[in-house]
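Participant: could you work out the structure for the sequence below:
(one chain, ligands or ions: 2)
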Amino acid sequence: MKEKNLVIVGGGSTYTLGIIMSLIEEKKNFPLKKITLYDIDEQRQEKIAKATEILLKEHYPELKDFNYTTDKATAFSNIDAAFVQIRTGGLYMRELDEQIPLKHGAIGQETCGAGGMAYGLRSITDMIELVNDIRNYSNDAWILNYTNPAAIVGLALQKEFPDDKRILNICDMPIAIMKSYADLLEKDVWELIPEYFGLNHFGWFSKILDQQGNDLTNEIKNNIINGDFLPADKEIANDESWIQTFRKARQMLIDFPEFLPNTYLQYYLYPEELAKKETPDNTRARQVINGREKRVHELCDHIIFQQTTNDINVEADIHGVYMIRAAASLVFNLKETYVVMTENNGIISNLPADALVEVPAILTNDGPKAFSVGEIPAFYKGLIENQYAYEKLVVEAYYEKSYNKLLQALTLNRTIVHAPQAKAILDDLIEANKDYWPELN
Ligand code: G6P
Ligand code: MN
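Facilitator: Residues are numbered from 1 along each chain as shown. Ligands and ions are numbered 1, 2, ... in the order given. Sure, this is the predicted structure:
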């Protein structure tokens, strides 16, 4: 395998250090000669980059080149893959996305409901610019996008770049859930083979098999219903919010026992209950600022102060490993199976052809080749079509600058439903996002 060049866009993200540690552990699977961090926020990136530099020097001596930059030409020239993890408006705007709907009694969440819509309308402009920038310098690079809300961003990219077959929208939630299944079964997560269908953050596992083809689905369901379902990956295992989120899978499974739910369905199935539980001055954004962000920045400061990583554990996380292995499968044509987003075109036969569905697919150097799912039952079809209409309306509203389509979108969204509530939330979001959103008609 020839070594590749990778750029991480959003180098200042709190996820970058975990990705770097995962790249170190995965160097045999995805050998690199060059890693570049790129961010528009020079200061935020610098802290992460300086720690990364030491980490790489000590644990990745084979790497010939590491740099960090805010210059597009330096970042995007001669690259084979880009991991894109940007957050337009930062955690500051994330907090508003969560607080504003809450003020009107609806759950605010970074990817679900009105918060997701607000974030989506902010992300689209930057993502389009970014893809154009990358393509300017590296026409054939694989772009792995996990910028949120991936469902909306992905649809917009599909509309803007219909012929670009080297953009892959991907999410780590299915594998993070599978890691918990693996723990329940006392197996390795990479031994599990998923059957999965839906939209991003809106899907279900219909089956989990092992490598020999044994169906483990009922064992998993019984374990969840009769026990406790918890986050297993080290990045989230001790996080109170993720613990509560995973626990909710039990309720979902008791109410709807047919398939194993993605954790994000909690926001759509129990919106009122979840909204009631939220505290406006301690929504998820605040928890991330006081939790993961603080932890990562302290770790960076420590590494930079010591000028060594001798006394820290270099450990991959499932998020990083998933992105890296998926990228390797695309770049090296390994034909391994991952759950990714791809244009439906009949994969789920009773859903619209242009929907961006999340399903298992073989990742080849000609892009993802999804397995056929066939028809899905009425309940799931109804839910997905409703959610897809919301997502599509948000993207159309972005292009048409349509207030009306946003109001339709929020009225369809299961976290809201009531038109007056949708209108009140929308009007507040417009005000809060006036530096980011297109001006609406
Ligand atoms: C999962 C999802 C991501 C999301 C993240 C939020 O990993 O797949 O799309 O960004 O959770 O986690 P946080 O800890 O920031 O709330
Ligand atoms: Mn995700």
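
Participant: can I assume Arg166 is in contact with Trp142?
Facilitator: Yes - under the criterion of CB atoms under 8 Å, Arg166 is in contact with Trp142, at a separation of 5.2 Å. For glycine as for every other residue, the C-beta is placed from the backbone atoms N, C-alpha and C.

Participant: just give the nearest non-adjacent residue to His264, would you?
Facilitator: To be clear, residue 264 is Tyr; His isn't right here. Closest residue to Tyr264 apart from its sequence neighbours, by CB to CB, 6 or more residues apart in numbering: His201 at 3.8 Å.

Participant: which residues are in contact with that neighbour?
Facilitator: Remark: with contacts taken as CB atoms under 8 Å, 6 or more residues apart in numbering, His201 is in contact with Thr111, Cys112, Pro149, Ala150, Ala151, Cys171, Met173, Asn262, Tyr264.

Participant: okay, and which of those map to helices?
Facilitator: Counting by DSSP state H, the members of the contacts of His201 that fall within helices are Ala150, Ala151, Met173.

Participant: which one of those sits closest to ligand 2?
Facilitator: Set against ligand 2, the nearest of those by CB to the ion is Met173 (4.7 Å).

Participant: let me see the confidence value for that closest one.
Facilitator: On pLDDT, Met173 comes in at 98.

Participant: which residues does it contact?
Facilitator: Counting by CB under 8 Å, 6+ apart, the residues that Met173 touches are His201, Asn262, Thr263, Tyr264.

Participant: quick one: classify Asn288 as helix, strand or coil.
Facilitator: No, residue 288 isn't Asn; it's Val. Per DSSP: H, G, I helix; E, B strand; the rest coil, the local secondary structure of Val288 is helix.

Participant: isn't it right up against Thr14?
Facilitator: Yes - under the contact definition of CB under 8 Å, Val288 touches Thr14, with a separation of 7.2 Å.

Participant: compare these two (neighbour count), which wins?
Facilitator: Neighbours were counted for Val288 and for Thr14 using other CB atoms under 10 Å; Thr14 has more, 21 against 18.

Participant: dump the helix or strand hosting Lys221 to PDB, keeping only the CA atoms.
Facilitator: Mapping Lys221 onto the secondary structure by DSSP states H and E places it in helix 217-226. This file holds the C-alpha atoms of helix 217-226, laid out as PDB (Å, rounded to 0.1, in the frame of the first residue of the first chain):
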ATOM      1  CA  THR A 217     -30.700  -9.700  16.800                       C
ATOM      2  CA  ASN A 218     -32.900 -11.400  19.400                       C
ATOM      3  CA  GLU A 219     -30.100 -11.900  21.800                       C
ATOM      4  CA  ILE A 220     -29.300  -8.100  21.600                       C
ATOM      5  CA  LYS A 221     -33.000  -7.200  22.000                       C
ATOM      6  CA  ASN A 222     -33.400  -9.400  25.000                       C
ATOM      7  CA  ASN A 223     -30.200  -8.000  26.600                       C
ATOM      8  CA  ILE A 224     -31.400  -4.500  26.200                       C
ATOM      9  CA  ILE A 225     -35.000  -5.100  27.400                       C
ATOM     10  CA  ASN A 226     -33.900  -7.200  30.400                       C
END
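
Participant: surely Val340 and Lys369 touch.
Facilitator: No - with contact defined as CB under 8 Å, Val340 and Lys369 do not form a contacting pair (10.5 Å).

Participant: where does the stretch 301-441 of the chain get nearest to ligand 1, which residue?
Facilitator: Here the residue of the stretch 301-441 of the chain nearest ligand 1 is His319; by CB to the nearest ligand atom that distance is 6.1 Å.

Participant: burial check on that residue, number of neighbours?
Facilitator: Close neighbours of His319, defined as other CB under 10 Å, add up to 22.

Participant: residues contacting the residue positioned nearest the centre of the chain?
Facilitator: Residue closest to the mean C-alpha point of the chain, counted by CA atoms, centre = their mean, is Cys171 at 3.9 Å. Contacts were defined as CB under 8 Å, 6+ apart; by that measure Cys171 touches Tyr146, Ala150, Asn200, His201, Val339, Met341, Glu358.
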